[in-house]
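Chemist: my questions concern the predicted model and sequence given below.
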Amino acid sequence: MSAKYNFFDRKNHLELLEKRIRDLKDGYRQNLAIIGDELVGKTSLIFKFLKNYYDPHTIIVYLEARPESITTFARRFIGVLLYNFLINSGLSLEEDIDFLMKKSEKYLPKTIEKARSILSSLEKRKKNNIFTELLSLPESINEETGKFCVVIFDEFHNLENMELKNIYSEWARLLMLQKNTMYVIISSLIFKTKVVLSKNLSLLFGNFEVITVEPFDIKTSEAYLEEKLEGIDLKKGQKDFIVSFSDGYPFYLELICSALRNSGGTPLAGILENLVFEPVGILNQRFSNYLKRFQGLPYSRDYIEILYLVADGHSKIKDVAHILRKPKKELNSRINYLLEWDALSRSGEFLKINDRVFSFWLRFVYKERLNSLTFDAKNQREFFKEKIDEMIRDFLRQAGKPVTERVSELMRLFEDEMIQIERKKIRLDAFREIKPVEFQNKNLKDGLLGRSRGSLWIMGLKYEPLTEKDVIEFSRECKKYRSKTQRKIILAFQDIDANARLRAFEEKILTWDLNNLNQILDLFSRPRVIL
């Protein structure tokens, strides 16, 4: 499903796209790989760019890669390429490949000859080197007209379904030779794309620059709600809950905002019920269809059971293994499959479902229907409404606590597990003592001490932008505590300037932001902190 919503933010991504195309015309070609979860807005980003970008010397070819035959793909590729070549010609165009080749022939005689040769080969069922021949057409246009081409393949991994041999090795050779064609590949399969880029398309020349499109951060999500819900009476706590529940996914934010605008006063719990619980609800249908991709597969029951257990709060791999009573090797095989399809992500000894809304649906809709002895929609609906109300109340109750208290409660859940934060592995020590502390620092006062058998955690909380001076003073405070092994952490809830990061690195101080804290809260199924 493509994410369709009113475009918002992503200014940096748009500027980078424009810069890379300018660089192409200046003789510097840099291919791009845009990755991100489903519904995070990758396609919308490209459509926004295509809508605003114009350059008569650049032809942009956008193609959604689909499970289809090479013949169908070739006709679409040639058609889109020629249509966009002719689009500024003043001609009245038709979406017909024969028409487009006829109109282009006087400008591109060699290119059209090649295109006809490709289509003729396919009619004779000759497929050798067809993909390479197709991708050579943009270079041919450049030779004949001086125009540059930007070829965009959305969900590019579907190219594999055309059953062409050595598709990546052919493409890799072409990428090193082409200088006037830039490729942008887009994919929701993050794990798979990284493997392809590191193994199949890892080149001396023509490498892909990876751009990750993340969900909106808290500030951007709040700005989105302010704009889209202007004039609607919704308390801050409820808006914060929407930010947390949606995880900043533009698709979910827009669905909820649209429903609230058209609700006629329906409370938030009722809005979520209509979207997530009702059989005709958009999200209920989407998630039901998503699960179908696992049905019919060997071990499909195991895959769905693992997803449900993680959604239900059993995020530690050892707990999943205990409940399913699976040998470690067998369980790891199932988990790896789910990781490869980005249904799950892993952080050390923890598993996490990437899509929070899907996780909620698994727990309170899908599993409840499976467990129901009799299909009583009324009772299930009441149960679901209770769970939403309970979830909102718990979120608001936790939001009313000081952050120091919430972090302290989180630390009490640690049991010597390993997690990973930004490529760094961290052991979450089991603390025998956790207590608040006030530092002799007017800018960074609040802190926590956590003592375990082997180490001392010293944590400072900074609510204003973190500066280099703050780091220096925090380091000085840490030296007052006698412990051979110290874990020094600053939780910074606003911006961290570059000098502060560098100084923290030199002082062996970890700097965690609000997103890092919420990642850990997610692993322990605790409500997020929204400041």
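Modeler: Happy to help now that I have it.

Chemist: the stretch 301-450 of the chain: strands as residue ranges?
Modeler: Using DSSP state E, counting those that start in this stretch, the strands of the stretch 301-450 of the chain run over residues 344-347, 350-353, 417-421, 424-428, 433-438, 446-451.

Chemist: can you list the neighbours in contact with the fifth one?
Modeler: If you take CB atoms under 8 Å, 6 or more residues apart in numbering as the criterion, strand 433-438 is touched by 404, 408, 411-412, 445-451. For every residue, glycine as well, the C-beta is placed using N, CA and C.

Chemist: ditto for the first one
Modeler: For strand 344-347, contacts defined as CB under 8 Å, 6+ apart pick out 306-307, 310, 335, 338-339, 351-354, 419-421, 519, 523.

Chemist: relative to the whole chain's centre, how far out is the biggest helix by length in the chain?
Modeler: With DSSP state H applied, the helix covering the greatest number of residues in the chain is identified as helix 377-399. Between the centre of helix 377-399 and the centre of its chain there are 27 Å (CA atoms, centre = their mean, to the nearest Å).

Chemist: now what about stretch 50-62, what contacts it?
Modeler: Where contact means CB under 8 Å, 6+ apart, the residues beyond stretch 50-62 that reach it are 14, 17-18, 21, 24-25, 46, 77, 80-81, 84-85, 88, 138, 141, 146-152, 154.

Chemist: picking that back up, for the longest helix of the chain, packing partners?
Modeler: With contacts taken as 3 or more CB pairs under 8 Å, 6 or more residues apart in numbering; DSSP states H and E, helix 377-399 sits against helix 236-246, helix 268-272, helix 367-371.

Chemist: downstream of the longest one, the next helix or strand is which one?
Modeler: Right, helix 236-246. The element immediately downstream of helix 236-246 (helix or strand, assigned by DSSP states H and E) is helix 250-261.

Chemist: next, the angle from that following helix to helix 236-246.
Modeler: Using axes from the mean of the first three to the mean of the last three CA atoms, to 10 degrees, the interaxial angle of helix 250-261 with respect to helix 236-246 works out to 140 degrees.

Chemist: list the buried ones in helix 250-261?
Modeler: Neighbour-count burial for helix 250-261, counted by 16 or more other CB atoms under 10 Å, picks out 250-257, 259-260.

Chemist: and stretch 26-44, by the same measure?
Modeler: Residues of stretch 26-44 classed as buried under the neighbour-count rule (16+ other CB under 10 Å) are 29-44.

Chemist: restricted to helices, list those residues.
Modeler: Secondary-structure check on these using DSSP H: residues within helices are 42-44.

Chemist: where in the stretch 301-450 of the chain is pLDDT low?
Modeler: 372-376 (pLDDT under 70).

Chemist: same question for the chain.
Modeler: For the chain, the stretches flagged by pLDDT under 70 are 1-6, 204-206, 372-376.

Chemist: distance of the closest residue to Arg293 other than its chain neighbours relative to Lys236?
Modeler: Once flanking residues are discounted, Arg293 sits nearest to Trp341: 7.8 Å by CB to CB, 6 or more residues apart in numbering. Noted for Trp341: a distance of 37 Å to Lys236, by CB to CB, to the nearest Å.

Chemist: neighbour count: these two, which is higher?
Modeler: It is Trp341, of Trp341 and Lys236, that has more neighbours when counted by other CB atoms under 10 Å, with 15 against 10.

Chemist: so that one touches Leu189, yeah?
Modeler: Yes: the pair Trp341 and Leu189 passes the contact test of CB atoms under 8 Å, sitting 6.9 Å apart.

Chemist: domains of this protein?
Modeler: Domains of the chain are assigned by automatic domain parsing as 11-212, 218-266, 285-399, 403-415+428-523.

Chemist: which among those domains is found nearest to Leu275?
Modeler: Using CB to CB as the measure, domain 218-266 is the one of the domains of the chain that comes nearest Leu275, at 6.1 Å.

Chemist: returning to what we had before: TSV for the strands of the stretch 301-450 of the chain, including distance to Lys318 and mean neighbour count?
Modeler: Compiled in TSV, the strands of the stretch 301-450 of the chain are given as follows (distance: least, CB to CB, whole Å; neighbours: other CB atoms under 10 Å):
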stretch	distance to Lys318	mean neighbour count
strand 344-347	13	18
strand 350-353	10	21
strand 417-421	9	16
strand 424-428	14	15
strand 433-438	24	13
strand 446-451	23	20
